[in-house]
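Following is a predicted model, sequence given first.
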Amino acid sequence: MLNITENSISESIQLEDFKAFTLLKKSRIHRLSLIIFTILFLGFFICLFLPWTQNISAKGYVTTRSPEQRPQAIQSIIAGRIEKWFVREGDFVEVGDTIVFFSEVKSEYFDPDLIARTSEQVEAKSQSIESYSQKVNALQKQYAALKDGLRLKREQVKNKIEQARNKIKIDSIDLVAYRSNYQIAENQLARIKELHSKGLKSLTELQDKELKIQATNAKVTVQENKLLNQKNELINLKLELLAAEQIYAEKLAKSQSEQQSAISAKLESVAATSKLQNQLSNYNERQKLYFLTAPQSGYITKTIKKGIGESVKEGTDVVTIMPDKYDLAIETYLKPQDLPLLNIGYNARLRFDGWPAIVISGWPESSTGIFSGNIVAIDRFIGENGYYRVLISPDENENEKDWPEELRVGTGANAFILLKDVPIWYELWRQLNGFPPEYYEKSEKNKIEIKRKAPIKSIK
């Protein structure tokens, strides 16, 4: 109908009063709803076939991989009494900085001149070692002199024995000669007697022969006695040699015994000196321990012992320190049923407490404010809480953003360990049935477990 006039009838005619118009309007509304529902259903159906990344979610907290980088308590090695604090909570300390000073509480270390007196004892024992060394040298010289004396005495007696043997030989020869003369004198006396009986020889000649035979007999007797004396002298010289060897053997044994005694006393002095030196070294080291120093650079987080005058025992925690340099990692715990699905090197997405993030676990590429990491360690025994501990360290890929510098140890974190890409309908079906995620179809290379060995450092 053409609008050929400016007069309108819409104010006087209400279309809702006509039944035909009402039916026509309802039909259009139902058709629009059907179209919208159909479009939504088709969109939802199509979305069911979109890829979805399966993942294992777990809660954890920030920690460090190296034990020396974790918060640690500094202990007192010796018992002592707190005299002065050099730090306050929150202070930064370098390696070797003094934290607190202790005074002595054990009576055996009260002497202020303990080190000086122990040094004097060490010096005295060292001088006694030198004295014993000189005594050992003197006894060694004495032993050598006795051996030389024994050798000379033995040679002297042997020479006398040899002389005695020569004299015995000479006296034996002389005895044989005297005996021969005695036999000749006896023969001459017998012939003189025979001639005297016949009147051919005078009585004077007979008496001369008798006198001569007596003289010859006397010489034989004297020579026999002389030979016997020489033999006895030889025996005496042999006995003298044995006696000299016995005397020198006793002297040598005594000298050697004194030498061994001196060596033993020297060794005892060496042991005593070594013990005193050990004590002196311990005293020096103990005085160094009166000052409790920082083992590494870091921040003093808490003072466990407080005030002045408080006594502490050996091995008592005094303060806690947090190292200033550390390599962060996430410590999280997983159910035993999820453990076979993991391996070292798997990727994970992380959300830290205090850092806003929008996490879409199935589409990690679409998430914002999250960080990337890799699994670096999986415990081989179950924890007391019934879960397995897993460590996740920052991803070293240059395309991934670094973890926040303000991140501190102990901060809470949510970890999403990425698994297999599946359709959304499959993931919904798995969740409704409570099935675990599927295993990776890994090659033989990926099935080989990565083993990490701690670096071995030579101890010098």
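In hand now; what should we look at?

What is the burial count for E240?
Under the neighbour criterion other CB atoms under 10 Å, E240 is assigned a count of 15. In this view, the C-beta of every residue, glycine as well, is placed from N, C-alpha and C.

Now name the helix or strand holding it.
If you go by DSSP states H and E, E240 is part of helix 203-288.

Against which helices or strands is the helix or strand following that helix packed?
Using DSSP H and E, the next helix or strand after helix 203-288 towards the C-terminus is strand 291-293. When contacts are defined as 3 or more CB pairs under 8 Å, 6 or more residues apart in numbering; DSSP states H and E, strand 291-293 sits against strand 98-103.

do that again at 10 Å, thanks
Here strand 291-293 touches strand 72-76, strand 80-85, strand 98-103, going by 3 or more CB pairs under 10 Å, 6 or more residues apart in numbering; DSSP states H and E.

what residues does that strand touch?
The contact list for strand 291-293, computed with CB atoms under 10 Å, 6 or more residues apart in numbering, reads 74-78, 80, 82, 84-87, 93-102, 312, 318-319.

Now the buried members of those.
74, 76, 78, 80, 82, 85, 87, 93, 99-100, 102, 312, 318-319 (16 or more other CB atoms under 10 Å).

Name the nearest of those relative to S172.
S172 has its nearest neighbour among these in I78, at 92.8 Å by CB to CB.

In contact with the closest one: list those residues for me.
Contacts of I78 (CB under 10 Å, 6+ apart): 102, 104-106, 109, 285-287, 289-290, 292, 312-315.

Give me the secondary structure label for it.
Secondary structure state of I78, per DSSP: H, G, I helix; E, B strand; the rest coil, is coil.

what bits of this protein have low per-residue confidence?
1-33, 45, 47-55, 357-369, 398-399, 418-424, 426-460 (pLDDT under 70).

Per the annotation, how does it divide into domains?
48-68+326-447, 71-104+299-323, 114-288 (automatic domain parsing).

of those domains, which approaches F37 most closely?
domain 48-68+326-447 (16.5 Å).

The domains of the chain into TSV, with extra columns for distance to F37?
Shown next, in TSV, are the domains of the chain (distance: least, CB to CB, whole Å):
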stretch	distance to F37
domain 48-68+326-447	17
domain 71-104+299-323	59
domain 114-288	84
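
Looking at those, which is nearest to L40?
domain 48-68+326-447 (12.9 Å).

Would you tell me which of the helices and strands packed on strand 291-293 gets closest to N187?
strand 80-85 (120.1 Å).

which residues in this structure form helices?
According to DSSP state H, the chain carries its helices in the segments 19-47, 114-197, 203-288, 424-433, 444-447.

Tell me which of those helices lies nearest to I392.
helix 444-447 (18.8 Å).

residues contacting the residue with the largest distance to the centre of the chain?
Distance from the C-alpha centroid of the chain, by CA atoms, centre = their mean, peaks at G199 (124.7 Å). By CB under 10 Å, 6+ apart, the contact list for G199 is empty.

what do you get for the one 4 residues further on?
With contacts defined as CB under 10 Å, 6+ apart, the neighbours of L203 are I192, H196.

which of the contacts of I78 tops the neighbour count?
Neighbour-wise, the contacts of I78 (other CB under 10 Å) top out at L292, 24 neighbours.

what sits opposite it in the beta ladder?
When bridges are called by DSSP bridges, L292 pairs up with V100.

Report the separation between it and Q188.
L292 sits at a distance of 124 Å from Q188 (criterion: CB to CB, to the nearest Å).

Spell out the residue ranges of the strands in the stretch 301-450 of the chain.
311-312, 316-323, 328-334, 347-352, 371-378, 388-394, 412-423 (DSSP state E, counting those that start in this stretch).

Make a markdown table from these and add distance to L276 to it.
Formatted as a markdown table, the strands of the stretch 301-450 of the chain follow (distance: least, CB to CB, whole Å):
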| stretch | distance to L276 |
| --- | --- |
| strand 311-312 | 29 |
| strand 316-323 | 30 |
| strand 328-334 | 50 |
| strand 347-352 | 59 |
| strand 371-378 | 50 |
| strand 388-394 | 51 |
| strand 412-423 | 58 |
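
mind checking which of the ones you listed is nearest T301?
Using CB to CB, the nearest of those to T301 is strand 316-323, at 4.9 Å.

Good, wrapping up.
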